[in-house]
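Novice: The sequence and its predicted three-dimensional model are supplied below.
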There are 2 protein chains.
Amino acid sequence: MSDGDSLLRLSGNDGERADAARNRRLLLEAAALIVELHGAENLTMDEVARHAGVGKGTLFRRFGNKTGLIHALLDQSGKDFQAAFMFGPPPLGPGAAPVDRLRAFGEASIRRCDFQGQLLRAAQEGPEALSHPTQRLARQHLGLLLREAGTTGDLELAAYELAAYLNAGLLIHLKEERRMPHERLLAGWHEMVERFLPR
Amino acid sequence: MSDGDSLLRLSGNDGERADAARNRRLLLEAAALIVELHGAENLTMDEVARHAGVGKGTLFRRFGNKTGLIHALLDQSGKDFQAAFMFGPPPLGPGAAPVDRLRAFGEASIRRCDFQGQLLRAAQEGPEALSHPTQRLARQHLGLLLREAGTTGDLELAAYELAAYLNAGLLIHLKEERRMPHERLLAGWHEMVERFLPR
């Protein structure tokens, strides 16, 4: 094997070979595009295979079944969001004022809730559990930004309170059952952030 | 039938005869006491019948099975809480300042979350749904108190935010998984109310 091969293999995920990781990423991107364009109810293994230009066998070997694919999508979507708020460009990522990053975090959460909601519904799952690592990391991030913004008091609980507003289950309820437009949810988030800033 | 009979029947619940309603109440009180003293895992139809001094047949005719009994308990507990914050003595009920009623509402919610949590776990159910009438009424109440306290902005969303902190699922997570003491949850609530008051 060449040096280039080893380098590529280092960038693989969980010991997967780099080309397998690339394929996986490609398949997930095709699946995500179908969900965004046509909704999760139109996500079929056939469609994903066709869009990604691979055989259906590859898809089944990789994800087991449609439920497996949906879980992989939810997982990837969570990881992408994490990467964006931890290492991505400002204002969501580092380099902007804490208050602007708080605002951006909520905006991004509200934006991605449609996609997440589609997937959660398709997987017949409730909103992500409070003790899930993704949720914990999001709360740590919010708590840190609050501290940097000069907020005092019980910042761990404050982070829970902010995260509760951005919970996918609540946002979907507000959009679908209470018919609140996107702009109202954004304005609500900004108002909430304002309440948590030092007086 | 005597006049006294008709009067009693008027006080019955959902067309139940008054004595049946009294019996139902008695059985639920016995069951609630067992849950409070020994935990929901020790709630058995036998124990409830014994404590209430009725035959087991009566219990099964009334609630179907243990799951039915637990649902009846959850329902009754919700109704009792509603009655307390709508018509009960201040500061939870009318007659106190809005801010004091906001504080009392959270305190009572935090107090009752152990009992609720036991029941929800026993029924293997998630925290109550956002569109459940009990939850809707609680949010309306919170929104009204915020308005009375002079809070401005999107009070409907603000009520959702306050209610999210008092969600049984969140409180149980904070107590059991994060091991936060009762006092911290109370202080967190008071701090949150403070943030929502006009500056």
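Specialist: Arrived safely.
Novice: Measure how buried A:Phe25 is and give me the count.
Specialist: One correction, residue A:25 is Arg, not Phe. Under the neighbour criterion other C-beta atoms under 10 Å in any protein chain shown, A:Arg25 is assigned a count of 12. (Glycine included, C-beta is placed from N, CA and C.)
Novice: Report the secondary structure state of it.
Specialist: Recorded secondary structure, A:Arg25: helix (DSSP: H, G, I helix; E, B strand; the rest coil).
Novice: Which pLDDT value goes with it?
Specialist: With respect to pLDDT, A:Arg25 scores 89.
Novice: same question, A:Asn65
Specialist: 91.
Novice: Against chain B, how distant is it?
Specialist: 25 Å (C-beta to the nearest C-beta, to the nearest Å).
Novice: Give me the pLDDT value at the nearest residue in space to that residue that is not next to it in sequence.
Specialist: Once flanking residues are discounted, A:Asn65 sits nearest to A:Met45: 7.6 Å by C-beta to C-beta, 6 or more residues apart in numbering or on different chains. We note a pLDDT of 93 for A:Met45 in this prediction.
Novice: Near chain B, which residues of chain A? Just list them.
Specialist: With C-beta under 8 Å from any C-beta of the partner chain as the criterion, chain A comes near chain B at residues A:126, A:130-131, A:153-154, A:157-158, A:160-161, A:164-165, A:167, A:169-170, A:173-174, A:177, A:180, A:184-185, A:187-188, A:191-192, A:195-196, A:199.
Novice: Buried members of these into PyMOL, please.
Specialist: Only the buried entries of the residues of chain A next to chain B go into this PyMOL selection, using 16 or more other C-beta atoms under 10 Å in any protein chain shown:
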select buried, chain A and resi 130+153+154+157+158+160+161+164+165+167+169+170+173+174+180+184+185+188+192+195+196
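Novice: The residues of chain A next to chain B in helices, which ones?
Specialist: A:157-158, A:160-161, A:164-165, A:169-170, A:184-185, A:187-188, A:191-192, A:195-196 (DSSP state H).
Novice: if I read this right, A:Ser109 contacts A:Leu170, doesn't it?
Specialist: No - applying C-beta atoms under 8 Å, one finds A:Ser109 not in contact with A:Leu170, separated by 10.6 Å.
Novice: Excluding chain neighbours, what is closest to the most centrally placed residue in chain A?
Specialist: Compute the mean C-alpha point of chain A, and by C-alpha atoms, centre = their mean the closest residue is A:Gly78, 3.3 Å away. Using C-beta to C-beta, 6+ apart and skipping residues adjacent in sequence, the residue nearest A:Gly78 is A:Thr134, 4.3 Å away.
Novice: Let me know the angle separating the helix or strand that neighbour falls within from helix A:155-165.
Specialist: Secondary structure from DSSP states H and E places A:Thr134 in helix A:133-148. Here the directions of helix A:133-148 and helix A:155-165 differ by 120 degrees (axes from the mean of the first three to the mean of the last three C-alpha atoms, to 10 degrees).
Novice: Which elements pack onto helix A:133-148?
Specialist: helix A:66-87, helix A:98-122, helix A:155-165 (3 or more C-beta pairs under 8 Å, 6 or more residues apart in numbering or on different chains; DSSP states H and E).
Novice: Highest average neighbour count across those: which stretch is it?
Specialist: Ranked by mean neighbour count, these are led by helix A:155-165 with a mean of 22 (mean count of other C-beta atoms under 10 Å in any protein chain shown).
Novice: That helix packs against which elements?
Specialist: With 3+ C-beta pairs under 8 Å, 6+ apart as the test, helix A:155-165 has helix A:98-122, helix A:133-148, helix A:182-196, helix B:155-165, helix B:182-196 packed against it.
Novice: got the contact list for the shortest one?
Specialist: Counting by C-beta atoms under 8 Å, 6 or more residues apart in numbering or on different chains, the neighbours of helix B:155-165 from elsewhere in the structure are A:157, A:160-161, A:164-165, A:167, A:170, A:174, A:180, A:184-185, A:188, A:191-192, B:102, B:106, B:135, B:138-140, B:142-143, B:146-147, B:151, B:170, B:188-189, B:192-193, B:196.
Novice: okay, and for chain A, where does confidence drop off?
Specialist: A:1-16, A:126-128 (pLDDT under 70).
Novice: count of neighbours near A:Thr58?
Specialist: Count around A:Thr58 with other C-beta under 10 Å applied: 14.
Novice: Contacts only, for the closest residue to A:Thr152 other than its chain neighbours.
Specialist: Closest residue to A:Thr152 apart from its sequence neighbours, by C-beta to C-beta, 6+ apart: A:Pro198 at 6.6 Å. A:Pro198 makes contacts with A:149-152, as judged by C-beta under 8 Å, 6+ apart.
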